[in-house]
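[1] My questions are about this predicted structure, shown below with the sequence.
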Amino acid sequence: MRGPTTSSLEAELPKVVSSWFAGRGWEPRRHQLEMLALARSGKSALLVAATGSGKTLAGFLPTICELAGRSGEGLHTLYVSPLKALAVDVQRNLIGPIAEMGLPIRVETRTGDTPSDRKARQRVRPPQVLLTTPESLSLLLSYPDSFTLFADLKTIVVDELHGFAKEKRGDLLSLSMARLQALAPGLRRVGLSATISDPEAYRSWLAPHADIDAVELVEGEPGAEPDLSILIPEGKIPWGGHSGRHAAREVMELIERHRTTLVFCNTRSLAELIFQDLWAVNDNALPIGIHHGSLAIEARRKVESAMAEGQLRGLVCTASLDLGIDWGDVDLVVQMGAPKGSSRLLQRIGRANHRLDEPSKGTVVPGNRFEYLEARAGLDAIDEGELDPETFRPGTLDVLSQHILGVACAAPFEERELLAEIRSAAPYAGLKDATFAEVLSFIATGGYALKAYDKFRRLVPEGDGRWRIARPIVSQQHRMNAGVIVEQPLLTVRFRGGRRLGTIEEGYASTLAPGDHFYFSGLSLEVEQFKDSDIIVHASSKSARIVTYGGQRMSMSTHLANRVRHMLADRHDWHRFPDDVREWLEVQERRSCLPEPHQLLVETFEHEKLHYMVAYSFEGWNAHQSLGMLITRRMENADLKPLGFVANDYALACYGLEPIRDPRALFSPDILEREFIDWVEQSYLLKTAFREVAVIGGLVDRHHPGKRKTGRQVSFSTDLIYDVLRRYEPEHLLLRAAWNDARARMTELGRLVRLVDRASATMLHVEAERMTPMAVPLMVIVGREALPPGTRADESLLIEAQALADEAMRV
């Protein structure tokens, strides 16, 4: 039932807009009209609505209605999305209705892929609606003409808000919105999102000065409940692995039975591998494709167009398609491997059936028995409407440094005015005067240890609190290097004729030689030669290796981890599990034990003359990796002769030549004091984090006019500066920023602290006579974690896994 406000608003729609709705037999939805009402009263809004509810149209309807009633040039609405592909997709879906209404509204995109001549023209003669990304918006604000370009801006629409608000890209966008508000004081802010558990936190993030009351919350009608299932071929789940590859034929059969299927993978490497597996069993030669962020833009656009036109039956993809792409023919989503979080799973499932009154259909393919429990936990969470909690953090200082320099590139600034503007961005609301002064000093001199070098002088004071750039080339260097996504050094993969296939990381490329074969872009490729920053290849029919990528690994969310712990402890819940999973847990209980949710189970046992310790904490791969490094160091100091460790999301296994009699001593809380600091400082972690913040903060340039630094050159530059600062200025702003990154993202220190606290309070130590059933998924990968996927080792791995399982399951 619509109230009088929405009914009267519907009557007040411009005739051309109401006729367009009527011509399709549609009526505007309640939340679309509410967004229009808020726009007409000049209020900002956050719309939280299910996929298929017309969120994008709700965001743009006020713009269309306003521009339908007047003519004229000038930028009216900015649309910001986290993905280039999403901006292109929205442009396609907006231009159609606008053309059908016969409205003279120009809609254009501006991303890193936009040709330079069009970018230059957009600054002089902008469209009424510009679709862009946080990075491209930040660059636009660095030009002197930004003052006139944005002076009459009415609205900024931030789509898929949950996709980046809590990350560095969110920091950058929040600062850009604060700048826009200063240039166009009447600016309205609009956020669009689905699948968030804490809308109030996002209202605060979106609002000027974090004033939650300045942003109204609009909630769309709930959609149909999703149709979710877990795929278990022949009722059996493997002991080892994490990809669901064993189910390739069954997934291909699902593709055959549906119009269009999206097959989501958690990594680019897995996407290439799954594509090859599906192609090998594609007996009917159905058209299937692959899409991930390392493929060339031409390849991605070709696939996106084919999907939009309904030409593909299946598409293997990664997080590059997590958000917002509207392909109406998709009627099934398959998640290969564990979902890692209920919000992420719901977001991916929402890509199927963009209709509010029809359920989205999805299935999860677990790779092992622990992954089955995680998948079951994810489905239960969605059934109960529980999403992963939202955790916001203060804005980072490397992003702030980049933004301040961008502001200076546009025009000199007065520091008190700029500080007030920066504090109006929610992530920086608590920025202290002293910290702001330190950031200014860093941009002006590079810091105490670097101030003798002229190249680090980018800002100079004019007096009376005003600052300007030190020399004109600073602006050019800033625009060539700005951005907050710092990828690993890349090499371009090309055919000899010049066609570009995409990029692979320099570290992986260094393992290749002419004559080697690798799978990429859905093809088997043979390396011909290395030429500058290119790898020249030709297509091959031979078996190949899978390209691997560095970077952060996605960990299971704390929310799902808690659910899995409760599943293990609740025997009454096991009747829902497949027979082999139920038997696995029953034998585990007989041979060892199953911990209560608050306990940390640690098992020790001997296997093939080595001594193992396995801790089942469920705190995620990153925390387990960090703890594995620390514990093996302690084992070394205790003369336990460690040989190594392996980890997954569920457990950590350390092994050596001597038995571990007292695990509590290895887990004592003081491990996170001096030992943790020493390890991080001596490992690659801090240097890796410093490389990222040095590039984002502008201390090291990746690009120069006419040339680009190689990855080795960038690493050499950052390592050199890192060593200087560690020695002469250990409290440098960027070293602190690198430490914060290393703690928060790379080691997941918060989860590590919980793990160690639980160990000291509730450790349950079981000395088993031999390997236990729950240890098998980890034991399978001991000594094999460095093997590339897709080799013949996979087959021997399955054989060995069964042998280990037979031993563990013997009662």
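    Received it, and whenever you're ready, just let me know what you need. These figures come from a predicted structure and were not determined experimentally. Residues are numbered from 1 along each chain as shown.

[2] roughly how far apart are the spatially most central residue of the chain and residue 266?
    Using C-alpha atoms, centre = their mean, the residue of the chain that lies closest to the mean C-alpha position is residue 319, 6.8 Å off. Counting by C-beta to C-beta, to the nearest Å, the gap from residue 319 to residue 266 is 8 Å. Placement of C-beta: from N, CA and C, glycine included.

[3] Kindly report the same for residue 344.
    Distance of residue 344 to residue 266, computed by C-beta to C-beta: 9 Å.

[4] What segments of the stretch 701-811 of the chain are helices?
    Per DSSP state H, counting those that start in this stretch, the stretch 701-811 of the chain carries helices over the ranges 711-728, 733-741, 749-762, 776-779, 793-808.

[5] just for the stretch 551-700 of the chain, where's the confidence low?
    In the predicted model, the stretch 551-700 of the chain carries pLDDT under 70 at residues 551-553.

[6] mind listing the strands for it?
    Along the stretch 551-700 of the chain, the stretches classed as strands by DSSP state E, counting those that start in this stretch are 600-607, 610-616, 642-647, 652-656.

[7] residues touching residue 782, list them.
    Listed by C-beta atoms under 8 Å, 6 or more residues apart in numbering, the contact partners of residue 782 are 644, 646, 653, 655.

[8] Quick one: these as TSV, columns for distance to residue 175 and neighbour count too.
    Shown next, in TSV, are the contacts of residue 782 (distance: C-beta to C-beta, whole Å; neighbours: other C-beta atoms under 10 Å):
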residue	distance to residue 175	neighbour count
644	44	14
646	41	22
653	44	23
655	48	24
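
[9] State the pair within these that is farthest apart.
    Of all pairs drawn from the contacts of residue 782, the greatest distance, 9.2 Å, lies between 644 and 653 (C-beta to C-beta).

[10] Doesn't residue 524 lie inside a strand?
    Yes: Residue 524 sits within a strand when classified using DSSP: H, G, I helix; E, B strand; the rest coil.

[11] burial of it, as a residue count?
    Residue 524 has 17 neighbouring residues, counting by other C-beta atoms under 10 Å.

[12] Over to residue 728?
    Other residues near residue 728 number 12, with proximity taken as other C-beta under 10 Å.

[13] do the same with residue 57
    So residue 57, with other C-beta under 10 Å, has 17 neighbours.

[14] same deal with the one 4 residues further on?
    Close neighbours of residue 61, defined as other C-beta under 10 Å, add up to 19.

[15] Ok, residue 181 next?
    20.

[16] Does it belong to a helix, a strand or coil?
    helix.

[17] List the buried residues in stretch 197-217.
    For stretch 197-217, the neighbour count (16 or more other C-beta atoms under 10 Å) marks 199, 201-208, 210, 212, 215-216 as buried.

[18] same check, this time on stretch 478-487
    Buried-residue list, stretch 478-487, by 16+ other C-beta under 10 Å: 478, 481-484, 486-487.

[19] okay, and the helix or strand of this protein with the least pLDDT?
    Least confident helix or strand of the chain, by mean pLDDT, DSSP states H and E, is helix 4-11 with a mean of 53.

[20] And the following helix or strand past it, what does it pack against?
    Sequence order places helix 15-23 as the next helix or strand after helix 4-11, per DSSP states H and E. Packing partners of helix 15-23 (3 or more C-beta pairs under 8 Å, 6 or more residues apart in numbering; DSSP states H and E): helix 55-68, helix 84-101.

[21] So which bits of helix 15-23 are buried?
    For helix 15-23, by 16+ other C-beta under 10 Å, it's 17-18, 20.

[22] before we move on, what about stretch 168-188?
    168-184, 187-188.

[23] Equivalent analysis for stretch 436-445, please.
    In stretch 436-445, counting by 16+ other C-beta under 10 Å, buried: 436, 438-440, 442-445.

[24] Which of those sits closest to residue 686?
    residue 442 (18.3 Å).

[25] hmm, back to that, in strands, which of the buried residues of stretch 197-217 fall?
    Among the buried residues of stretch 197-217, the members falling in strands (DSSP state E) are 215-216.

[26] got the buried residues of stretch 197-217 as CSV, with pLDDT columns?
    Formatted as CSV, these follow (pLDDT from 0 to 100):
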residue, pLDDT
199, 93
201, 94
202, 95
203, 96
204, 96
205, 96
206, 97
207, 96
208, 96
210, 95
212, 95
215, 96
216, 97
